[in-house]
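**Student:** Here is a sequence together with a model predicted from it:
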Amino acid sequence: MTIAEATGTVIYDPEGGEHVSFSREGHPIHDDVSAKVQDFVWTTISEAFEYSNSHGESIPADKSLLDFVRERVQQTKFSDEEKDLCLDACKLWGAYVGDQADRQSLKFFRLEECVDGSNFVVASTYKRILEHVAKTATKQADIHLSEPVTSIKAPHRNQSTNHQVTVTTTTGTYDFDEVVVTCPLGWLKKNTSAFSPELPPRLLQAINSISYGRLEKVYVTFPRAFWHTPTASDKDNTTKPTVFAQFLEPTYAPHPPHIEWNQECLSLAALPSPHAHPTLLFYTYGESGAEIINSISNFHPSSPEYRDTLNQTLQPFYSRLPGYDAESADCTPTAFLATQWQKDDYAGNGSYCNFQVGVVDADRDIEVLRSGDGIGPVRGLWFAGEHTAPFVALGTTTGAFWSGERVARLICEGRGLDVGGDGVRDDPLPSAGGHIHELNRTGR
């Protein structure tokens, strides 16, 4: 946030727009019922954080967030229909962590609690933020792009008076005094053999224990934002345009029967000028995200097959939005683009870390990932990235940034350099002002 403000990056808080939810049958849920459901969702999420914080030691490793939700919803006096809506809405927590709520560990749910403040979208993209944080490197460093790393040799310092860390890529070999590895957790999981000598056993255990999410995004662009156009019944234009929509466990959208098919989308037409454009950003996750990406992975993004497959998947949803008219050209998509992080080896075949049922020592695992189990000072090998962030910022851009700052300070201090500032903070307190969510998840 501080860098965004300093660089004139335009951010947007989508909370000010109209939020609409659709039932399993595809009908808009009445505002009063929707408000009741959303109040239950966020009250229960808050209670789950508190319960995880207070009872983490005694919570079984196989108990999920959805188990907790089911217990809480049965304690309400809601109708059966309202209870079903509450359960369906709570399942959309999956869009925050990249996997289903029934796979979210309740024991370590507290590790998903984020920095306080509003959720902002980076309306003008991360361009200026990236330029700012990369300024020193792009000015002074020798940067090699498009050279996949195949091995990193980092012997103990006491084995050589002329200690160096050797990095081998597909095109060359380079020697360094220190190496900071910021590869995604998913990449580390599949490439621990790239390090020699072998990484310490406890570090390997931490890498294997923490889960890696499956969030994906699909952008659908139209000639005009028909969902922002006033309808005939709203001649005075008093209704706020739809900014965020949730589609709960749809019976009207064809999908594999064993896969959770909740979807949600954000309107990019609501972004401030000149950054607004008539695009819906769909967030999909877990098995449904995998199903969608697998269906298009063999097609080129410019091919008719790619477009038709995504349209068949998403048309049942965007056609429910206000202003939709099947006969109008404004309601026919002009472009589709989907992330395919699960198919991208360099993204680690996923999105970002999460904490799934079965994990037994996740907080300690993160601390080990953060410290590298002590190999930095003795082998010149350090680890950074969102999976090594302070607990309040795991899986976020803020966390990734903090992790890099932390390692840089440690390296400088180890070489007797005074870099000033606040020193090394393993778990900085949340700062006021909010955070940016557009790295990965709707609330992150």
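**Tutor:** That came through, no problem.
**Student:** so where is the stretch 151-300 of the chain shaky, pLDDT-wise?
**Tutor:** Applying pLDDT under 70 to the stretch 151-300 of the chain flags the ranges 159-161, 230-239.
**Student:** ok, which stretches of it are helices?
**Tutor:** 185-190, 201-209, 286-296 (DSSP state H, counting those that start in this stretch).
**Student:** Determine which stretch of those is the most buried.
**Tutor:** helix 185-190 (a mean of 22; mean count of other Cβ atoms under 10 Å). Backbone N, C-alpha and C define where each C-beta goes, glycine included.
**Student:** Check which helices and strands that one sits against.
**Tutor:** Under the contact criterion of 3 or more Cβ pairs under 8 Å, 6 or more residues apart in numbering; DSSP states H and E, helix 185-190 touches helix 201-209, strand 211-212.
**Student:** ok, V357 touching D99?
**Tutor:** No. Using Cβ atoms under 8 Å, V357 makes no contact with D99, being 10.1 Å away.
**Student:** who's more crowded, those two?
**Tutor:** Of the pair V357 and D99, D99 is the one with more neighbours under other Cβ atoms under 10 Å, namely 26 against 20.
**Student:** Return the distance of the residue nearest to the more buried one when sequence neighbours are not counted relative to N294.
**Tutor:** Spatial nearest neighbour of D99, chain neighbours left out: G286 (4.4 Å); criterion: Cβ to Cβ, 6 or more residues apart in numbering. Noted for G286: a distance of 13 Å to N294, by Cβ to Cβ, to the nearest Å.
**Student:** Same question for F195.
**Tutor:** For F195, the distance to N294 (Cβ to Cβ) stands at 31 Å.
**Student:** Ok, K77 next?
**Tutor:** K77 is 42 Å from N294, by Cβ to Cβ.
**Student:** Any regions of the stretch 1-150 of the chain where pLDDT drops low?
**Tutor:** For the stretch 1-150 of the chain, counting by pLDDT under 70, not a single residue falls below.
**Student:** Run through the strands of it in chain order.
**Tutor:** With strands called from DSSP state E, counting those that start in this stretch, the stretch 1-150 of the chain shows them at 11-12, 18-22, 119-122, 149-153.
**Student:** tell me which strands and helices the shortest one is in contact with?
**Tutor:** Secondary structure elements in contact with strand 11-12, counted by 3+ Cβ pairs under 8 Å, 6+ apart, are strand 119-122.
**Student:** cool, and the second one?
**Tutor:** Where contact means 3+ Cβ pairs under 8 Å, 6+ apart, strand 18-22 is packed against helix 31-55, strand 242-247.
**Student:** If I take the first one and strand 18-22, what angle do their directions form?
**Tutor:** Going back to what we said before, that points to helix 31-55. For helix 31-55 against strand 18-22, the angle by axes from the mean of the first three to the mean of the last three Cα atoms, to 10 degrees is 90 degrees.
**Student:** So which bits of helix 31-55 are buried?
**Tutor:** Buried residues in helix 31-55, counting neighbours by 16 or more other Cβ atoms under 10 Å, are found at V33, S34, K36, V37, Q38, F40, V41, T44, I45, A48, Y51, S52.
**Student:** Next: stretch 217-234.
**Tutor:** So for stretch 217-234, counting by 16+ other Cβ under 10 Å, buried means K217, V218, Y219, V220, F222, A225, F226, W227, H228, T229.
**Student:** any idea which of the residues you listed is the one closest to Y126?
**Tutor:** Y126 lies nearest to K217 out of the buried residues of stretch 217-234, by Cβ to Cβ, at 14.5 Å.
**Student:** Surely the closest one and T339 touch.
**Tutor:** Yes. Under the criterion of Cβ under 8 Å, K217 is in contact with T339, at a separation of 4.8 Å.
**Student:** list residues touching both of the two?
**Tutor:** Residues touching both K217 and T339 (Cβ atoms under 8 Å, 6 or more residues apart in numbering): there are none.
**Student:** right, and the helices of the stretch 151-300 of the chain - which one's nearest I29?
**Tutor:** Across those, closest to I29 is helix 286-296 (Cβ to Cβ), at 20.5 Å.
**Student:** tell me the mean pLDDT for the next helix-or-strand element following that closest one?
**Tutor:** Reading on from helix 286-296 to the C-terminus, the next helix or strand found by DSSP states H and E is helix 304-318. Averaged across helix 304-318, the pLDDT comes to 98.
**Student:** what packs against helix 304-318?
**Tutor:** The elements that helix 304-318 packs onto, with contact taken as 3+ Cβ pairs under 8 Å, 6+ apart, are strand 216-221, strand 263-267, strand 279-284, helix 286-296, strand 335-338.
**Student:** Of all the residues in that helix, which ones are buried?
**Tutor:** Using 16+ other Cβ under 10 Å as the test for burial, helix 304-318 gives Y306, R307, T309, L310, T313, L314, Q315, P316, F317, Y318.
**Student:** T334 versus the last one, what's the distance?
**Tutor:** Distance check for Y318 against T334: by Cβ to Cβ, it reads 13 Å.
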